[in-house]
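Chemist: with the sequence up front, the predicted model follows.
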Amino acid sequence: MIPGTKLNAVKYALKEAFGTDEFSGIKQVTIGLSSALIFRITVKERPYLLRVIMRDDAMADPSHYFDNMKLAANAGIAPRILYLSTADRISITDFINAAPFPLGRAKTMLPALLKRLHSLPRFPFRLNYIDTMDVYAQKIRAEKILPRAISDELFDVYSRAKNAYPISSEDMVSCHNDLKPENIIFDGERPWLVDWEAAFLNDRYLDLAVVANFVIRKGEDEADFLKNYFGSEAGGYHCARLFLMRQLLHMAYVSMFISITHKPGAPFEWNENQPGFREFHDQMWNGAINLAEREAKMQYALVHIRQLLDNAGSSRVDDAVKVVSAYNRK
């Protein structure tokens, strides 16, 4: 199961971590979009997570996130690290046995965990997330993949949100940037964050927006969510800023997953019978949807298109733009 080209490096890693290269069980973990090979491996009757990066190009170099993962592990945010090798591109960490994570507990525990993450020493800066995602968005628009009427409405609300969204150095913090449910492991008592490949310095509201897509179900949840993060009552500015970031995130997912799934020259596939935004995210949260599958990726793009269109028809976008703009004029 372990590729022959990596077998000696894995044996060395096991020997360094445990004093033996013998293991009694191995099972590949296939959930998620990472190109790395991930295994649940049993050594001395205890399970561990073995990650083997097969790519050897510069983009797959783990040095940019191994240091971030170590900071998170030392802070008790990520699982304990047993072995890391940038040269061999191998890591071994504790394996966390996952338990169902009730949303009621997640709404309270995850903002507090994000606060701890965002308080870590600053991760390196890799890219401007908002500008980078805008490149993908504009590519989708230029290629005219979406029907004109849908595209115009999407980009109207997206442009208003992007133009109003403030770039603040004080909000640039150590972020995970990929907090989908499979990267949040609840052990029955507390959550852990795993898979740090996308971690870098970013706007704190990006992590908050990703998690909010799963745990915020109604308006009052938003203020409670932010209160648990900031440790005090969240004002209208914080709620408005989170809302605008969520619109940018909707477009980021639309652009990313359409780019991945759309076949050049093929008509856009619109499915009116797909799950709604809340239902789809609940299914993801419960492990019923795996975004490694093409059909799920296509559905996810459509889910975010529908949510952006719904928001375009409400007054919330204009209200959030006014609140944020007024705050930043002070």
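Modeler: Sure thing, it's come through.

Chemist: where is the longest helix in the protein?
Modeler: In the chain, assigned by DSSP state H, the helix with the most residues is helix 236-261.

Chemist: which of the residues in it are buried?
Modeler: Neighbour counts over helix 236-261 (16 or more other CB atoms under 10 Å) mark 237-259, 261 as buried. In this view, the C-beta of every residue, glycine as well, is placed from N, C-alpha and C.

Chemist: try stretch 140-153
Modeler: Within stretch 140-153, judged by 16+ other CB under 10 Å, the buried ones are 140, 141, 145, 146, 151, 153.

Chemist: can you give me the end-to-end span of that stretch?
Modeler: End-to-end distance for stretch 140-153: 14 Å, by CA to CA, to the nearest Å.

Chemist: run through who's touching it.
Modeler: Residues outside stretch 140-153 that contact it (CB atoms under 8 Å, 6 or more residues apart in numbering) are 154-155, 254-255, 258-259, 262, 268, 270, 305, 308-309, 312.

Chemist: where's the dip in pLDDT among the residues you listed?
Modeler: pLDDT is lowest at residue 270 among these; the value there is 73.

Chemist: and that residue, what is it in contact with?
Modeler: Contacts of residue 270 by CB under 8 Å, 6+ apart are 147, 302.

Chemist: please redo it, this time with the cut-off set to 7 Å
Modeler: residue 302 (CB atoms under 7 Å, 6 or more residues apart in numbering).

Chemist: and residue 187, by the same measure?
Modeler: With CB under 7 Å, 6+ apart, residue 187 has these contacts: 96, 97, 99.

Chemist: check residue 262 too.
Modeler: Counting by CB under 7 Å, 6+ apart, residue 262 has contacts residue 145.

Chemist: and the gap between it and residue 218?
Modeler: 33 Å (CB to CB, to the nearest Å).

Chemist: assign the most centrally placed residue in the chain to helix, strand or coil.
Modeler: In the chain, the residue lying closest to the centroid (CA atoms, centre = their mean) is residue 178, at 1.8 Å. Put simply, residue 178 is coil when judged by DSSP: H, G, I helix; E, B strand; the rest coil.

Chemist: the nearest residue to it once chain neighbours are set aside sits in which helix or strand?
Modeler: Of all residues not flanking residue 178 in the chain, residue 198 sits nearest, at 4.1 Å (CB to CB, 6 or more residues apart in numbering). If you go by DSSP states H and E, residue 198 is not part of any helix or strand.

Chemist: could you dump stretch 240-255 to CSV, C-alpha only?
Modeler: Once non-C-alpha atoms are left out, stretch 240-255 reads as follows in CSV (Å, rounded to 0.1, in the frame of the first residue of the first chain):
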residue,chain,number,x,y,z
ALA,A,240,-21.5,43.0,8.5
ARG,A,241,-17.8,42.3,7.8
LEU,A,242,-18.4,38.5,8.3
PHE,A,243,-21.4,38.7,6.0
LEU,A,244,-19.3,40.4,3.3
MET,A,245,-16.5,37.9,3.6
ARG,A,246,-19.1,35.1,3.2
GLN,A,247,-20.1,36.6,-0.1
LEU,A,248,-16.5,36.6,-1.3
LEU,A,249,-16.2,33.0,-0.1
HIS,A,250,-19.3,32.0,-2.0
MET,A,251,-17.7,33.4,-5.2
ALA,A,252,-14.4,31.7,-4.4
TYR,A,253,-16.1,28.3,-4.2
VAL,A,254,-18.1,29.0,-7.4
SER,A,255,-15.0,29.9,-9.3
